[in-house]
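Undergrad: Quick one, fold the following:
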Amino acid sequence: MSRNRVLPVAAGLLALLLAAPSFAQMTMTGTSAAGRRLFYSPAISTNGLSCAHCHADFDEDKQDDGQIRAAHSLYNSARRETWWGKDPEAVDAYPNIAAASVICVTRFMRNPKKLTAQQMLDLQAYLQSITRIPVSSALAIAPAGDKTGEYQNFAGGNKYSGKLVFFAACHTCHPNGNAGIAPFLPRDQEAPFYAQKIREGDGLGAILSGIDPNADNPASGQFMPFFGADRLSDRQIRDIIAYIKSLPPLR
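TA: This next block holds a predicted model:
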């Protein structure tokens, strides 16, 4: 081979080598196994929460693990047309469920670093792996905050029934009513205090219920998700409150 022919070939090989990193980035893929680990890992939060604390990854109508989570299951969710109410035609619409999940990571998990590109791909791969239908409609959120702000009629619950509901819905973050992922629960407040916390959470429940558009205050450090009417009924909340107030005083 002549020298004149060798030079172009060498130049072409060099160009391919230099282009290799960007080509690898373009072909990054996620794995469902890594995404599942991420879904259950509190390591992506700064407060101990994981995706699984608020979302199931199975069909809640067919399976029951004894837990009542604040948010809907993400089973069959990866191919919805919208996430978090974003119009798919809007400029700021989320392109996929992994991008929408960053809202949870920053708001509830309190992780300002969000997710890496690889983590988003892995989470997307896992949520796609548990999605069995081509397209599904977004599930309607059912905020049920009291627009009067008074939260009356939440006293007089059954503490025995409340214990069962408490351990299904509250114990994970407030173990036995004490501090865990979330702060300890005072025993001496009136019923409206607890009802408001459950229905409004960190303030998002108040915003979505039309109570206070400015209820969100990230500086407060709160990260409790609200429980809508489709997650906990008023009766269940009354019973939870009765159980909390029956607990021994904090020492």
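
Undergrad: Tell me where the stretch 101-250 of the chain has helices.
TA: Taking DSSP state H, counting those that start in this stretch, the helices of the stretch 101-250 of the chain run over residues 117-129, 159-169, 191-200, 204-208, 234-246.

Undergrad: Need the contact partners of the last one.
TA: It refers to helix 234-246. 144, 153-163, 165-166, 169-170, 177, 185, 187-188, 191, 194-195, 198-199, 227, 232 (CB atoms under 8 Å, 6 or more residues apart in numbering). All C-beta spots, glycine's among them, are computed from the backbone N, C-alpha and C.

Undergrad: among the residues you listed, which ones are buried?
TA: 144, 154, 157, 159, 161-163, 165-166, 169-170, 177, 185, 191, 194-195, 198-199, 227, 232 (16 or more other CB atoms under 10 Å).

Undergrad: Low-confidence stretches in the chain?
TA: Within the chain, the stretches with pLDDT under 70 are 1-26.

Undergrad: do that again at 90, thanks
TA: 1-28, 80-93, 134-141, 216-222, 249-251 (pLDDT under 90).

Undergrad: okay, now the domains of it?
TA: Using automatic domain parsing, the domain parsing of the chain gives 32-129, 159-246.

Undergrad: how far is the shortest one from where the chain is centred?
TA: This points to domain 159-246. Put simply, domain 159-246 sits 16 Å off its chain's centre (CA atoms, centre = their mean, to the nearest Å).

Undergrad: Quick one: end-to-end length of it, please.
TA: Across domain 159-246, the terminal residues are separated by 7 Å (CA to CA, to the nearest Å).

Undergrad: Quick check: the gap between Ile141 and Arg132.
TA: Counting by CB to CB, to the nearest Å, the gap from Ile141 to Arg132 is 23 Å.

Undergrad: just to revisit the earlier point, which one of the helices of the stretch 101-250 of the chain lies nearest to Gln63?
TA: Nearest to Gln63, of all the helices of the stretch 101-250 of the chain, is helix 159-169, at 14.2 Å by CB to CB.

Undergrad: Tell me, how many residues neighbour the nearest residue to Pro192 once chain neighbours are set aside?
TA: Leaving aside its sequence neighbours, Pro192 sits nearest to Tyr151 (CB to CB, 6 or more residues apart in numbering; 3.7 Å). As a burial measure, Tyr151 scores 22 neighbours (other CB atoms under 10 Å).

Undergrad: which SSE is the closest residue in space to Asp59 that isn't next to it in sequence in?
TA: Closest residue in space to Asp59, ignoring its immediate chain neighbours: Tyr75 at 5.1 Å, by CB to CB, 6+ apart. Here Tyr75, judged by DSSP states H and E, is contained in no helix and no strand.
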